[in-house]
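>>> Below is the sequence, then the predicted model.
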Amino acid sequence: MKNKLAFTLLFLFIGFYSFSQDKELENILERIQKIDKEKDSLLLVAEDLKLTRLKENLINYGLPELEEGEELICHSAFCLVFDDNHKLAKWVAHVISRDIAAGGVTRTNDFRKDPLIKNGSSEEADFFLKIKGEDDKIKYDGFGYDRGHLAPSADFRWSEKALSESYFYSNMTPQLPDFNRKKWAEIENLLRDYVCNNPEKDLYVVTAPVLHDELPRQPRSKNKISIPEYHYKIAVEPESKIGIAFLVSQQDLAYPIESYVVSIDSVESVTGINFFPGLQEEDEILIESVSDISLWRSGKNKNDVAPIPKDKLPKNYYNTVEARQFFDYPKDVTICGKVVGTTKSRNGHVFLNLDKSFPNQIFSVTIWKSNLSNFSYNPESFLLYKTICVKGTVNEYEGVPAIYPDNEKNITLFD
């Protein structure tokens, strides 16, 4: 009897203890849910405060000068002036925030008309048509152009609200796929990388198509939107007093992005727009007259340069981009460019990269170890950062053109 009573009491105690544990666990989980909810609420408040601060700074320091009759339209993280004739933005201004480094918001793809454009922005039917087939399936009839962002969605990956608003059609232009997904994307990546590598700084950016009355129209689009031939992107970092601009054709994309670097002053001459009028006069002269891409880079690619323009080379001399056309050409040609990177392998071979560094090289020079005795200098040190011309047959190595000179007479310095 005593044993039975003891067993019953033990069972009741264990049951009560288990119930107590479950209740404690339930309370802890409820507290965690409450904390998470409060945290989410605070994060939204913090995001709104950051967006308010960024917009104030953008309006105060980052906008081009408005012309008479132009209406400024501002969303949470970017502002624009809309050209109703072309049905495209005349320009879009935004800030690449230092918060981008920790951002984790992904693409929303919620393309939609901009509700703030009084006469209506462009829309889906300006880029492609949806056709319902007999099988009730939707077929897409595209016009050959991407819906290309001006202010890139990835620049707002720290804010779900701002990123979503970047999909307004007022922030789109018709962009050829090779332009939008390659060369233009490289420029966007360069500016984002700058902010990620300088996390205490924000970057003011203005992006736009070059608009004029002779632009072709998209005849099949609903609003007959214009098709830009050129786009430009301008960035200014006021604290370091540096600026850069890119002017890029949709068609001519063979050259690396260094070849599309121009001064902000030159874009002002092309467009007639006064960018960053809030800068102090002395800062404006410094920032808008010089564009040095090396100031925007870090690491291996810091010293990359634009290939030598064709008109700066003697007859029958070619730059590093042109070298590709001589694959399988049986005769010697002369290729010129700046040595921006050198390597001597463990096997004793010397590799020189001209204009673009590894792993993005566009032309290489290889001097085999067996030929180094034909050089009166150490090529890897003597030629570094010098502009040279190399004579020989052009070989292809993993898609990259290369010449293998066998003595120093095949390499000359280019002034």
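Right, received. Where do you want to start?
>>> Would you mind measuring from the residue most central in space within the chain to Ile100?
By C-alpha atoms, centre = their mean, the chain has its centre lying nearest to Glu188, at 1.2 Å. For Glu188, the distance to Ile100 equals 12 Å [C-beta to C-beta, to the nearest Å]. Any C-beta I mention is one placed from the backbone N, CA and C, and that applies to glycine too.
>>> Please identify every residue contacting each of these two.
When contacts are counted by C-beta atoms under 8 Å, 6 or more residues apart in numbering, Glu188 and Ile100 are jointly contacted by Asp155.
>>> these two touch, right, the residue nearest to the centre of the chain and Ser153?
No: with contacts counted by C-beta atoms under 8 Å, Glu188 stays clear of Ser153, the gap being 10.0 Å.
>>> average pLDDT across stretch 324-344?
Mean per-residue pLDDT for stretch 324-344: 96.
>>> and stretch 167-185, how far out from the chain's middle?
11 Å (C-alpha atoms, centre = their mean, to the nearest Å).
>>> Run through the stretch 51-200 of the chain and note the low-pLDDT ranges.
Applying pLDDT under 70 to the stretch 51-200 of the chain picks out no residues at all.
>>> now the strands: where do they sit in it?
In the stretch 51-200 of the chain, the strands defined using DSSP state E, counting those that start in this stretch lie at 73-74, 78-83, 88-96, 128-132, 138-142, 146-149, 172-175.
>>> What pairs with the fifth one, parallel or antiparallel?
Strand 138-142 has these partner strands in its sheet, going by DSSP bridges: strand 128-132 (antiparallel).
>>> So which bits of the partner strand are buried?
Buried residues in strand 128-132, counted by 16 or more other C-beta atoms under 10 Å: Phe128.
>>> how does the protein divide up, domain by domain?
50-297, 310-413 (automatic domain parsing).
>>> Reformat those into a markdown table and put distance to Gln33 next to each item.
Converted to a markdown table, the domains of the chain look like this (distance: least, C-beta to C-beta, whole Å):
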| stretch | distance to Gln33 |
| --- | --- |
| domain 50-297 | 21 |
| domain 310-413 | 47 |
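>>> so what's Thr271 closest to, chain neighbours aside?
Sequence neighbours aside, Val210 is the residue nearest to Thr271 in space, at 6.4 Å (criterion: C-beta to C-beta, 6 or more residues apart in numbering).
>>> Let me fix that, I meant to ask about Lys161.
Ser76 (5.4 Å).
>>> ok, back up a step: would you confirm that the residue nearest to Thr271 contacts His231?
Yes: with contact defined as C-beta under 8 Å, Val210 and His231 form a contacting pair (7.0 Å).
>>> Quickly list what's touching both of those two.
Common neighbours of Val210 and His231 (C-beta under 8 Å, 6+ apart) are Leu247.
>>> between these two, which one's more packed in?
Comparing Val210 with His231 by other C-beta atoms under 10 Å, the one with more neighbours is His231, at 24 against 16.
>>> Now do the helices in the stretch 301-415 of the chain.
Remark: helices assigned in the stretch 301-415 of the chain by DSSP state H, counting those that start in this stretch are 379-382.
>>> quick one on the thing from earlier: CSV for the strands of the stretch 51-200 of the chain, including distance to Lys386?
Shown next, in CSV, are these (distance: least, C-beta to C-beta, whole Å):
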stretch, distance to Lys386
strand 73-74, 49
strand 78-83, 44
strand 88-96, 35
strand 128-132, 50
strand 138-142, 48
strand 146-149, 39
strand 172-175, 38
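>>> of those, which approaches Val339 most closely?
Val339 sits nearest to strand 88-96 of all the strands of the stretch 51-200 of the chain, at 32.5 Å, using C-beta to C-beta.
>>> For that closest one, which strands pair with it and how are they oriented?
Partners of strand 88-96 in the sheet, by DSSP bridges, are strand 78-83 (antiparallel), strand 203-209 (antiparallel).
>>> If anything else comes up later, I'll come back, but that's it for now.
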